[in-house]
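S.K.: sequence first, predicted model second:
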Amino acid sequence: MARPPQAPPPRRWHLLIPLAGALGGLLALPLLLGRRLPLPIGAAQATELPDPAQAPGRRAGPAQVAVLAGGCFWGMEAIFEEIRGVQRVDTGYAGGSASSATYDQVSRGSTGHAEGIRITYDPGQVSYGELLKVFFAVAHDPTEVNRQGPDVGAQYRSAIFTADPALQRLARAYIRQLDGAGVFPRPIATQVEASDRFFPAEAYHQDFVQRNPAHPYVVVHDLPKLATFRATFPELLR
């Protein structure tokens, strides 16, 4: 049974409770007032990446969908919601072998799903290649295997989900390009999975960073990445 909004999943509460006081309050105030956050002290570092060599640029057309996974979906959602041309971002459970997914099921690590986001976007304003560049540069560490930061398990793997063979080739080509350029200290672990299965997460997981900016996990792990994205990709901000 889904937990109510006032009782978000306990998994992350125990990680950073000592930091939930003054730091959380200071960082929360700008969001509560509807303003952009400044760069916090110790903000995450972005990796400077080349553009995807084989990706087409922006092209007018109907809305497209990208499904990405890279650790906790709270921070991923917060980043991609700020990109110009992104119409909607849903947190949820991608891939997997089970015919349905809930937070409790996926947290056990036995369903094959990954915590991920489904991005609906206007390809005339932002390209699939630009979304991939943000994904690899600031949204997560693509060299981690089955974990991101304090979150461990296959449900936190780095993955790109698409049933479109052309997009699969594009994603794999970009991974080869980045590995060949040596931009990361370790090989990229991101999997390209031939699946478009996606189950939206429970309501309390949607827009979590925006609604819970003082949550201790958000303060330490998500707000720094969000600030780094804003500083690194100002041209993509809506």
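M.R.: Okay, I see it.
S.K.: what is the burial count for residue 148?
M.R.: 23 (other C-beta atoms under 10 Å). Glycine gets a C-beta too; all of them are placed from N, C-alpha and C.
S.K.: just give the nearest non-adjacent residue to it, would you?
M.R.: Leaving aside its chain neighbours, residue 148 sits nearest to residue 71 (2.6 Å; criterion: C-beta to C-beta, 6 or more residues apart in numbering).
S.K.: residue 83 now?
M.R.: Closest to residue 83 by C-beta to C-beta, 6+ apart is residue 236, at 5.1 Å.
S.K.: what's the spacing between that neighbour and residue 229?
M.R.: In this view, residue 236 and residue 229 are 8 Å apart by C-beta to C-beta, to the nearest Å.
S.K.: quick one, what contacts residue 98?
M.R.: 105, 111, 112, 113 (C-beta atoms under 8 Å, 6 or more residues apart in numbering).
S.K.: could you rerun that using 7 Å?
M.R.: Contact analysis of residue 98 by C-beta atoms under 7 Å, 6 or more residues apart in numbering lists 105, 111.
S.K.: quick check: which element contains it?
M.R.: Using DSSP states H and E, residue 98 sits within no helix or strand.
S.K.: which pLDDT value belongs to it?
M.R.: Residue 98 carries a pLDDT value of 78.
S.K.: next up, the contacts around the residue nearest the centre of the chain.
M.R.: Nearest to the geometric centre of the chain sits residue 76, at 2.2 Å (C-alpha atoms, centre = their mean). The contact partners of residue 76, by C-beta under 7 Å, 6+ apart, come to 68, 70, 117, 139.
S.K.: other SSEs contacting the longest helix seen in the chain?
M.R.: When the chain is parsed with DSSP state H, its longest helix is helix 165-181. For helix 165-181, the packing partners by 3 or more C-beta pairs under 7 Å, 6 or more residues apart in numbering; DSSP states H and E come out as helix 128-134, strand 191-193.
S.K.: more crowded one of residue 236 and residue 229?
M.R.: residue 229 (25 against 20).
S.K.: and that one, what pLDDT?
M.R.: pLDDT at residue 229 comes out at 98.
S.K.: enumerate the positions of stretch 169-186 that are buried.
M.R.: By neighbour count on 16 or more other C-beta atoms under 10 Å, the buried set for stretch 169-186 is 170, 171, 174, 175, 177, 178, 184.
S.K.: same question for stretch 207-227.
M.R.: 207-209, 212-227.
S.K.: picking up where we left off before, dump the residue contacts of the residue nearest to residue 148.
M.R.: Per C-beta under 7 Å, 6+ apart, neighbours of residue 71: 140, 148, 149, 151, 156.
S.K.: residue 160 too?
M.R.: 68, 171, 190, 192.
S.K.: ok, now with 6 Å
M.R.: Neighbouring residues of residue 160 by C-beta atoms under 6 Å, 6 or more residues apart in numbering: 68, 171, 192.
S.K.: hey, what's the last one bridged with?
M.R.: Per DSSP bridges, residues listed as beta-bridge partners of residue 192: residue 160.
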